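>>> When you get a sec, could you give me coordinates for this:
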Amino acid sequence: MALQVSQLEPITFSDTDYRIGLFVMKQPSSRSFPFEPNADQRAIATGLHATRNLLPLVARILLVAIFLLSGANKILHPADTQAYMAAFGMPLTWLFLPAAIVLELLGAMSVLLGIYPRLGAAALAFFTLLTGFIFHSNFGDPLEQVMFMKNLAMAGGLLLIVQYGVGNAVWRFRGR
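A predicted model of the protein is given here:
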């Protein structure tokens, strides 16, 4: 009974299509939808303000905020970050620091905007698990235990994105 967002179809318009923001909404066939919804019903059931579209967007913003802030912090304080990495015995910090910055920022933007979000989420999940085991493996310290569990929880959320996607509120290219 709900309206469905076209996923990988080129943007075309017909009498049964209508546009809301960046999305082209397609009405299901008349067999599965016994009546024609009016404009108010379409507005409630679809669009960025609908709960089923808004909650995944809010979740993505909350999930990637830490990666965006961490990547920006690494850019602003590269010497401190390299010293922190070296203190844990990481070799080649001059190589791993730029790689971490690129992975955090591009992965976070990928998930946030919905451009190859599963790839971005998989990369961030791997990065999060790896950094958890490298930097937060001192389980004798209660704070490090919490930090490790935080990394596990973030990786779990990212793996949910890998499995189920990011929802309907994503960046769409109109030119295709």
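
>>> What are the buried residues along stretch 141-154?
Neighbour-count burial for stretch 141-154 flags Met147, Phe148, Asn151, Met154 (criterion: 16 or more other C-beta atoms under 10 Å). C-beta: built from backbone N, CA, C; applies to glycine.

>>> got the residues you listed as TSV, with distance to Tyr116 and secondary structure columns?
What follows is these, written out as TSV (distance: C-beta to C-beta, whole Å; DSSP: H, G, I helix; E, B strand; the rest coil):
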residue	distance to Tyr116	secondary structure
Met147	28	helix
Phe148	28	helix
Asn151	23	helix
Met154	19	helix
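
>>> Now render the residues you listed as TSV, adding pLDDT.
Listed next are the buried residues of stretch 141-154 as TSV, based on pLDDT from 0 to 100:
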residue	pLDDT
Met147	92
Phe148	93
Asn151	93
Met154	94
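
>>> Tell me the one of the residues you listed nearest Val162?
Of all the buried residues of stretch 141-154, Val162 sits closest to Met154, with 12.8 Å by C-beta to C-beta.

>>> so where does Val166 fall, helix or strand?
Under DSSP states H and E, no helix or strand contains Val166.

>>> swap in Leu129?
Assessed by DSSP H and E, Leu129 sits inside helix 117-135.

>>> what sits against Gly107?
By C-beta atoms under 8 Å, 6 or more residues apart in numbering, the contact set of Gly107 is Val64, Phe67, Gly120, Ala121, Ala123, Leu124, Phe127.

>>> Hmm, the fourth one is touching Ile161, no?
Yes: Ala121 sits in contact with Ile161 when judged by C-beta atoms under 8 Å, with a separation of 3.9 Å.

>>> which residues do the two both contact?
Common neighbours of Ala121 and Ile161 (C-beta under 8 Å, 6+ apart) are Val111.
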